[in-house]
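S.K.: any chance you can model this:
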Amino acid sequence: MCFGGDSSDPGAFSGSPAGLTAALERAGHSVLRVNTALPSALERIAGRARWLHPELCRVHTYIADARLSKLEYDAVVQIGTDFLVCTAAPTVTYDDMTVAQHVRLRDDWFARYPRRAQLAWQVRQMRAFTNADRCCVLSQWAAESVVQDYQQPAEKVCVIGLGGNHIIEAPADRDWSKPRYLIIAKNWRRKNVPLVVETFAEVKRRFPSASLDVVGPYIGGPQPGVVFHGSLDLNKLSDRRRVEELLRSATCYVMPSKHEASALAFVEAGAAGIPSIGTTSGGVRELIGPGGTVVDPTDSFSLLREMIRLADPRTASTLGALAADHARWYTWDATAQRLLNVIEEVARGRGRSSNECSTS
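M.R.: Numbers count the residues shown, from 1 in each chain. Alright, predicted model coming up:
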């Protein structure tokens, strides 16, 4: 498992490496964790110098090559494609979105990198996809970019999904009679928290019993029906229990992000039997499926319309049941099995020799 960080850290890459690694181990496989990053202090210093990002990624590629050369393994899973892997073993990449999609979405985080670094990153991602036997992605939205923007054969690209890290069962006794909205967002600007809070004011006017719980660093001014919980640390038992309580009581998860590749929050909400309102910008439509809806993140009227629609107890409970059923596809165990199926397919005779890949 090659990753530019600690793949056992539940906070790294939204917990995806940790969730996938744990699922592979539960399936009886031995997972060798290959951290391609520099020691944390050096990585933080180098990361601040964004103009040096291409050079830093070359270092990550060198580290991956050096560490893999000392190991015996049957296959390589490369999480993220900002570095390159060159090996004779079956190799698959795993990404939530592409650099080309970052560019199209005008992602604020990605825009901080100089143009030189952005172009180099896109070229390097192309090489990583080309080197790999299969390009695994979380959503069809990302798969289409790998095919269209990176000229990879469609049969080489596999949608394997993802899982949730904080799963609770849908309670049978949820009270649907009072609309209770929930948003959990660390990156509150991109997740559009202010728009949700602003729109809720009109919902509250129409439905006096409605409430909105906001988890994350965003703290707005006093507003009827809105509770700002601040940031909650899921590694702390008390905070985790508080989040679980919110998931058990919520009747609608609402997060119309400015853009969203594949937020685990929708999987976790669905598993808890909560219908969701997401964004049209990105790949979350697939995660929500029939258990909710998506809206244009710039259209407050559409958001208001859907929040009002899901204030209806019958509508919310019906979509909540659909969300719970849809979420069964999105577990780390199921995702790991789909990944193993891809690797086994490659190993059955579709591999390639090491001289076919490039790290230059």
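
S.K.: give me the low-pLDDT residue ranges for this protein?
M.R.: Applying pLDDT under 70 to the chain picks out residues 350-360.

S.K.: where do the strands sit along it?
M.R.: 2-3, 34-35, 76-79, 91-95, 134-137, 157-159, 180-184, 211-215, 226-230, 252-254, 276-279, 292-295 (DSSP state E).

S.K.: now the fourth one - C-alpha only, PDB.
M.R.: Backbone C-alpha positions of strand 91-95 (Å, rounded to 0.1, in the frame of the first residue of the first chain) are rendered in PDB as follows:
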ATOM      1  CA  THR A  91      -0.200  -2.200  -9.900                       C
ATOM      2  CA  VAL A  92      -3.500  -0.300  -9.400                       C
ATOM      3  CA  THR A  93      -4.000   3.400  -8.600                       C
ATOM      4  CA  TYR A  94      -6.800   4.700  -6.400                       C
ATOM      5  CA  ASP A  95      -8.000   8.300  -6.600                       C
END
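
S.K.: what helices or strands is that strand leaning on?
M.R.: strand 76-79, helix 115-131, strand 134-137, helix 332-347 (3 or more C-beta pairs under 8 Å, 6 or more residues apart in numbering; DSSP states H and E). (Glycine included, C-beta is placed from N, CA and C.)

S.K.: which residues touch the first one?
M.R.: When contacts are defined by C-beta atoms under 8 Å, 6 or more residues apart in numbering, strand 76-79 is touched by residues 1-3, 7, 13, 16-17, 20, 68, 85, 87, 89-95, 128, 132, 339, 343.

S.K.: how far off centre is it?
M.R.: Chain-centre distance of strand 76-79: 16 Å, with C-alpha atoms, centre = their mean, to the nearest Å.

S.K.: with stretch 193-211 instead?
M.R.: 27 Å.

S.K.: for that stretch, buried residues please.
M.R.: Using 16 or more other C-beta atoms under 10 Å as the test for burial, stretch 193-211 gives V193, L195, V196, V197, T199, F200, V203, K204, F207, A210, S211.

S.K.: using a markdown table, lay out those residues together with distance to V99.
M.R.: Output for those, formatted as a markdown table (distance: C-beta to C-beta, whole Å):
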| residue | distance to V99 |
| --- | --- |
| V193 | 26 |
| L195 | 27 |
| V196 | 29 |
| V197 | 32 |
| T199 | 32 |
| F200 | 35 |
| V203 | 38 |
| K204 | 41 |
| F207 | 43 |
| A210 | 40 |
| S211 | 40 |
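
S.K.: tell me the two of those residues that are most distant?
M.R.: V193 and F207 (20.1 Å; C-beta to C-beta).

S.K.: relative to A27, which of the strands of the chain is closest?
M.R.: Closest among these, using C-beta to C-beta: strand 76-79, at 13.1 Å.

S.K.: measure the nearest residue to S145 once chain neighbours are set aside to I79 for me?
M.R.: The shortest distance from S145 to any non-neighbouring residue, by C-beta to C-beta, 6 or more residues apart in numbering, is to T98 (4.4 Å). Distance of T98 to I79, given as C-beta to C-beta, to the nearest Å: 14 Å.

S.K.: what about those two, which has more around it?
M.R.: Neighbours were counted for T98 and for I79 using other C-beta atoms under 10 Å; T98 has more, 26 against 23.

S.K.: got the domain ranges for this protein?
M.R.: Per automatic domain parsing, the structural domains of the chain span 2-162+332-356, 180-329.

S.K.: thinking again about what came up before, need the helices and strands packed on strand 91-95 in a markdown table (columns: distance to T36).
M.R.: Listed next are the helices and strands packed on strand 91-95 as a markdown table, based on distance: least, C-beta to C-beta, whole Å:
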| stretch | distance to T36 |
| --- | --- |
| strand 76-79 | 9 |
| helix 115-131 | 12 |
| strand 134-137 | 18 |
| helix 332-347 | 19 |
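
S.K.: for these, which one sits closest to G225?
M.R.: Closest among those, once you apply C-beta to C-beta, is helix 332-347, at 35.1 Å.

S.K.: list the helices and strands the closest one packs on?
M.R.: Helix 332-347 is packed against helix 16-26, strand 91-95, strand 134-137, with contacts defined by 3+ C-beta pairs under 8 Å, 6+ apart.

S.K.: tell me the angle that helix makes with helix 16-26.
M.R.: Counting by axes from the mean of the first three to the mean of the last three C-alpha atoms, to 10 degrees, helix 332-347 lies at 80 degrees to helix 16-26.

S.K.: residues of helix 332-347 that come out buried?
M.R.: With burial defined by 16+ other C-beta under 10 Å, the residues of helix 332-347 counted as buried are W332, A334, T335, A336, L339, L340, V342, I343, V346.

S.K.: wait, the fifth one sits on L138?
M.R.: Put plainly, it is L339. No. Counting by C-beta atoms under 8 Å, L339 does not reach L138; the two are 11.4 Å apart.

S.K.: sounds good, over and out.
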